[in-house]
Each structure stands twice: as structure tokens, then as C-alpha cells.
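J.: Sharing a model that was predicted from the sequence below.
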Amino acid sequence: MKKQLLKASNAIFASILALFGVSSCEDGVEALYGVETSEFEIVGTITNEESAPIKDIQVVRHPGFDTAYTDANGNFRIVNEGFLGGTVFLHIDDVDGDANGSYQSDTAQVVLTRNANGLLGATINKTLKEKTE
């Protein structure tokens, strides 16, 4: 009798939660109903300690896994759609071996803001240190 009552109350409770749009989340993904999204752009330049641009540096945005690589001028650009405002983190890594020198990995905290045109984005300039072995 207790089990049947418990099952019935759980079913009623789950039905009520479903009516209000509440659900469980998997793998740490949060359900954000009614949160507006917008296209954003993160641009930047990666240089060495002598202010020379570094080519083929990998830049990965977290949360999310948008990946960009620097061009011959050390510039990168990440464009995607995401939630308005907030902070994202960039993981910067030299993944091409010794082709352009060997640099230490680094991170950058980026606050997305609206520019004069109303677009969400940020610009960063980062200097990487050479690896010492």
C-alpha cells in the first residue's frame, strides 16, 4: 500500500513539474528557458615576448568548444551564438610542435560586452612565454 501511494505521489509531482517546464539535465548541461541568445565575436592577437605575432596557436573557448587558430599575423576570430553577456574563458595552446617555436599554454578570461553597433563581443591581446626546458 505504501509503495502504491509513493508511486502515485511521485507521478503527480512529476506531472506538475512537467507542466511548469522543469526537467532534469544531463552531463552538467543547464536548461535555460526563456534566455535570449545572441551572436558574439571574440577577436584577438597572440604574440611572443618580443611582440612578434605567432602563427598556428590554438584558441579554444570555454564554456563551449569553439576553436580558432592564429593566422600569420597572430590574429584569431571566434564567432558563434550564445547566451547574452557573461564571461568566457579562452585556453591558448601551441599545438604545432616546434614549427614556430615552443610556447607555454595560457588562459584568458574574457567579458563579453556590447559594442557601439550593439554586437556582443570582446577583443584580447595575449603574450605567450617561450617554453624553457
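T.: Done, it's in. The structure presented is a predicted model; accordingly, all values stated were derived computationally and were not measured.
J.: mind listing what the residue nearest the centre of the chain touches?
T.: Of all residues in the chain, the one closest to the mean position by Cα atoms, centre = their mean is His62, 2.7 Å from it. Under the criterion of Cβ atoms under 8 Å, 6 or more residues apart in numbering, the contact partners of His62 comprise 88-91. Just so you know, the C-beta spots here come from the backbone N, C-alpha and C atoms, and that holds for glycine as well.
J.: ok, and the most crowded of those residues?
T.: Taking other Cβ atoms under 10 Å to define a neighbour, the member of the contacts of His62 with the most is Leu90, carrying 24 neighbours.
J.: Can you name the residues bridging to it?
T.: On the basis of DSSP bridges, Leu90 is bridged to Arg61, Ala108.
J.: which residues in this structure form strands?
T.: 37-47, 57-62, 67-69, 75-83, 87-94, 106-111, 113-114, 120-127 (DSSP state E).
J.: right, and these - which one's nearest Gln4?
T.: Evaluated with Cβ to Cβ, the strands of the chain place strand 75-83 nearest to Gln4, the distance being 43.2 Å.
J.: Residues contacting that closest one, please?
T.: Identification of contacts with strand 75-83 by Cβ under 8 Å, 6+ apart yields 32, 35-46, 53, 57, 59, 61, 64, 66-70, 88.
J.: got any ranges where this protein has weak pLDDT?
T.: 2, 5-6, 13-37, 82-85, 133 (pLDDT under 70).
J.: Going through the contacts of strand 75-83, which ones are buried?
T.: Buried residues within the contacts of strand 75-83, counting neighbours by 16 or more other Cβ atoms under 10 Å: 40, 42, 44-46, 53, 57, 59, 61, 66, 68, 70, 88.
J.: re earlier: of all the contacts of His62, which comes closest to Arg114?
T.: Val88 (14.9 Å).
J.: So the closest one is in contact with Phe65, correct?
T.: No - Val88 sits out of contact with Phe65 when judged by Cβ atoms under 8 Å, with a separation of 11.5 Å.
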